[in-house]
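Asker: I'll drop the sequence and a predicted model, then ask my questions.
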Amino acid sequence: KVCEVLQTMFKEDGRILNATTEGAADPFVALGALNESSIQFIIRVWVKVEDYWDVNFDTVAKIYDQLPKKGINFSYRKLDINILNK
């Protein structure tokens, strides 16, 4: 589901290039690792040099906004402390 949401996001952003552009490829999204407290995805997109930083920052913000709206939550480290009164 994460891959689908991200691929849709990339198709909607006109600054992200695809295989029809010379020297570019279609956006790439894959599950990279299952870590102890996180799931890591690898994302590769092609953009014009002048769009790089704007696309980078906008993509992070869109991911943070869009995934929860699609029912995909982020994992956060959590520590539970139980205090016992004796």
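Answerer: That came through fine. Residues are numbered from 1 along each chain as shown.
Asker: residue closest to the middle of this protein?
Answerer: residue 63 (5.1 Å; CA atoms, centre = their mean).
Asker: And it, which helix or strand is it part of?
Answerer: When elements are assigned from DSSP states H and E, residue 63 belongs to helix 52-69.
Asker: Could I get the pLDDT score of residue 69?
Answerer: Looking at residue 69, its pLDDT reads 94.
Asker: Check residue 29 too.
Answerer: 95.
Asker: Tell me if it really is in a helix.
Answerer: No: residue assignment for residue 29, taken from DSSP: H, G, I helix; E, B strand; the rest coil, gives strand, which places it outside any helix.
Asker: Which residue is the nearest non-sequential neighbour of residue 58?
Answerer: For residue 58, the nearest residue in space outside its immediate sequence neighbours is residue 13; the separation is 7.5 Å by CB to CB, 6 or more residues apart in numbering. Where you see a C-beta, it was placed from the backbone N, CA and C, and this is true even at glycine.
Asker: doesn't residue 55 make contact with that neighbour?
Answerer: Yes: in this structure, residue 13 sits in contact with residue 55. The criterion is CB atoms under 8 Å, and the distance is 7.0 Å.
Asker: On the pLDDT front, check residue 37 for me.
Answerer: We have a pLDDT of 78 for residue 37.
Asker: which residues touch the residue nearest to residue 58?
Answerer: By CB atoms under 8 Å, 6 or more residues apart in numbering, the residues touching residue 13 are 55, 58-59.
Asker: pLDDT, neighbour count and distance to residue 18 added to those residues, as JSON lines?
Answerer: JSON lines is the format used below for these (pLDDT from 0 to 100; neighbours: other CB atoms under 10 Å; distance: CB to CB, whole Å):
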{"residue": "55", "pLDDT": "97", "neighbour count": "18", "distance to residue 18": "13"}
{"residue": "58", "pLDDT": "97", "neighbour count": "14", "distance to residue 18": "17"}
{"residue": "59", "pLDDT": "96", "neighbour count": "19", "distance to residue 18": "15"}
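Asker: out of these, which one sits closest to residue 34?
Answerer: For residue 34, the closest of the contacts of residue 13 turns out to be residue 59, at 22.3 Å, with distances computed as CB to CB.
Asker: and residue 47, backbone torsions?
Answerer: Geometry field for residue 47 lists phi and psi as phi -140, psi 170, criterion degrees, to the nearest 10.
Asker: Cheers, nothing more for now.
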